Structures are given as C-alpha cells and as structure tokens.
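In: predicted model and sequence follow; I will ask about them next.
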Amino acid sequence: MRERTPEEERLRRRQRLAAALRLFAAYGFDEGAAGHLTARDPILDDHFWVNPFGVHFGRIRCSDLLLVDHTGRVVEGERKINPAAFAIHSRIHLARPDVVAAAHSHSLHGRAWSALGRPLDPISQDACAFFEDHVVFDDYAGVVLDTAEGDRIARALGGGKAAILRNHGLLTVGHTVEEAAWWFMSMDGCCHAQLLVEAAGAPVLIDPERARETRAQIGSHDLARLNFRPLYDHIVHEQPDLLD
C-alpha cells in the first residue's frame, strides 16, 4: 500500500475528527458547549485540530475544524477555541508525543462514574481493555482553564489510554483519531455497565491475570481502529456533508 503524503494524512485526520464529533452527537455525548476532540497535525506537529467552541457536535464539518498552535492561537479557521480544550489538550499533546488524538466530553455515564473517584473494575470483556491502563485524576479544581491544570492531568495520565477525571468525566487518547474516539465510546459504555451492575448487586470480577490477557487481545491500538471503522462508514453514509 502506498504511504500517504502529509497532506493526505492531514485530510484523513480531519475527516475522522469530524466523523468522531458527529458520532459523539449521535451517542448523546454532547453537553451544551462542553466537550472537545483534538488531532495532532501531521505537518506542524506542535499544532492540533479541534472542534470550534459553541458549535453543536452534530453540525461539525471537516471545514469547520480549527488549527491551533502551541500558544492557543487559531491559525486556520474562523471561530474561537474552547479555553478548556487548549488547557487540557495542548498539555497532553506536549507530554505524549505518541498521542495523535484526545477526546474529552461530559457524557452522562462517564461523569456519573467519575463522581465515585474509582477506576473501572474488570467486570466484562470490554472493561478488560482498560484494566491497569487507565487512571483516576482525583483532584477536582473546577473548570480547567489553566495549562498548569492540564499539566497535572497529563502527568496523572502517564502512558495510559484513559483517565477518569473525578467529578468531571472521561478523557481518552490514542495513536489515531479512531482509537481515541473508540476508547471514549467504549469507556462510557463500561461506566454505564458498572453503574447498572453495582445497582443490582456485587459484581464478579475477572481474575487479574485473565484480565491482562484479555486486554492484550482487545485493548490494542489496532483493535480500537478496527472497532471504529464500521461506525465511521455508517456516519459518512448517513451524513456525507461532514466531509465538506
């Protein structure tokens, strides 16, 4: 297969980012003006693409995305950036050169589970993808508007794929847009499942060794991309204007 040019990769990331935002709207992850997804630019690697502030996820098109530099200046696009998006995502992209994309939104089940201040348990095959690969950032300090707070979140995240921000919500990262978006969707579902199980009784946990084996099978970068693919194909088929 021919390797994509940087310009082709830029377009590909923007298209996946727009599609991920449409999918987040379809899943009900939008909450007013809150929430942001980013993708590192493949040409200017200290810049990232992000959804504009105050635009509904369900209306985002590829052409609406903003290109932002390391100081928070919008260098391409006509709208404003969410200050919290810059404070969090800029520091994650800086701390984690391996991270291409990051996703954060105030999904219902994610923020409900976050109020418990606990990591997810390996109660299902899907939850094993996050076993020993996510953290709890347990120091809520209000709306994140300062890059110093973003630095603390990035340090807590470490090399993991996700963080539960206590009393706030979920944050996921990936080596591709597809991966970061899929981990967010899957993690919110795992939060929902554990909330349901614990409301009914005491869950039976998967043995740690078996959970690690399962994580190796379903918690990889490739599996996340594979799981996102049919969702991308479906949303583009249903809403082709997102590619505009």
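Out: Yes, it's here. Because the structure is a prediction, the values reported are computed rather than measured.

In: how close does the residue of the chain positioned farthest from its centre get to Leu120?
Out: In the chain, the residue that sits farthest from the middle, by C-alpha atoms, centre = their mean, is Gly201; the gap is 30.0 Å. Gly201 is 17 Å from Leu120, where distance means C-beta to C-beta, to the nearest Å. The C-beta positions use only the backbone N, C-alpha and C, and glycine is treated the same way.

In: what about the nearest residue to Phe57 once chain neighbours are set aside, how many neighbours?
Out: Distance criterion C-beta to C-beta, 6 or more residues apart in numbering; nearest residue to Phe57, sequence neighbours excluded, is Ala25 at 3.8 Å. Neighbour count of Ala25, defined by other C-beta atoms under 10 Å: 19.

In: which stretches of this structure form helices?
Out: Ranges of helices within the chain are 6-26, 83-95, 108-114, 147-157, 177-200, 208-218, 221-238, based on DSSP state H.

In: distance of the spatially most central residue of the chain from Val177?
Out: Central residue of the chain (C-alpha atoms, centre = their mean): Ala103, 2.2 Å from the mean position. The gap separating Ala103 from Val177 is 9 Å, by C-beta to C-beta.

In: need the overlap of contacts for the two.
Out: The contact sets of Ala103 and Val177 overlap at 20, 37 (C-beta atoms under 8 Å, 6 or more residues apart in numbering).

In: quick one: low-confidence ranges for this protein?
Out: By pLDDT under 70, the chain has no low-scoring segment.

In: mind running it again at 90?
Out: 1-3, 31-34, 78, 139-146 (pLDDT under 90).

In: so what's the residue nearest to the centre of the chain bridging to?
Out: For Ala103, the beta-bridge partners are Leu37, Thr172 (DSSP bridges).

In: ok, it - contacts?
Out: 20, 24, 36-38, 171-173, 180-181, 183-184.

In: rerun at 7 Å
Out: 37, 172, 180-181, 184 (C-beta atoms under 7 Å, 6 or more residues apart in numbering).

In: relative to Arg16, which of those is nearest.
Out: Minimum distance to Arg16 across the contacts of Ala103 is 7.6 Å, recorded for Ala181 (C-beta to C-beta).

In: nearest residue to that closest one other than its sequence neighbours?
Out: Ala20 (3.8 Å).

In: likewise His192?
Out: His192 sits nearest to His109 (C-beta to C-beta, 6+ apart), 3.9 Å away.

In: Gly72 now?
Out: Closest to Gly72 by C-beta to C-beta, 6+ apart is Phe86, at 4.5 Å.

In: and for Asp30?
Out: Using C-beta to C-beta, 6+ apart, the closest residue to Asp30 is Phe57 (4.4 Å).

In: also Trp183?
Out: Distances taken as C-beta to C-beta, 6+ apart put Thr172 closest to Trp183, at 3.9 Å, once the chain neighbours are dropped.

In: the one you found contacts Ala180, correct?
Out: Yes. When contacts are counted by C-beta atoms under 7 Å, Thr172 is listed as touching Ala180 (5.3 Å).

In: which residues does Gln194 contact?
Out: 113, 120-121, 123.

In: by neighbour count, which of these wins?
Out: Trp113 (26 neighbours).

In: count of neighbours near the residue lying closest to that residue once chain neighbours are set aside?
Out: Once flanking residues are discounted, Trp113 sits nearest to Cys191: 3.7 Å by C-beta to C-beta, 6+ apart. Here the number of neighbours of Cys191 (other C-beta under 10 Å) works out to 24.

In: now do Arg96
Out: 18.

In: for Val173, see how far away it is.
Out: Counting by C-beta to C-beta, the gap from Arg96 to Val173 is 7 Å.
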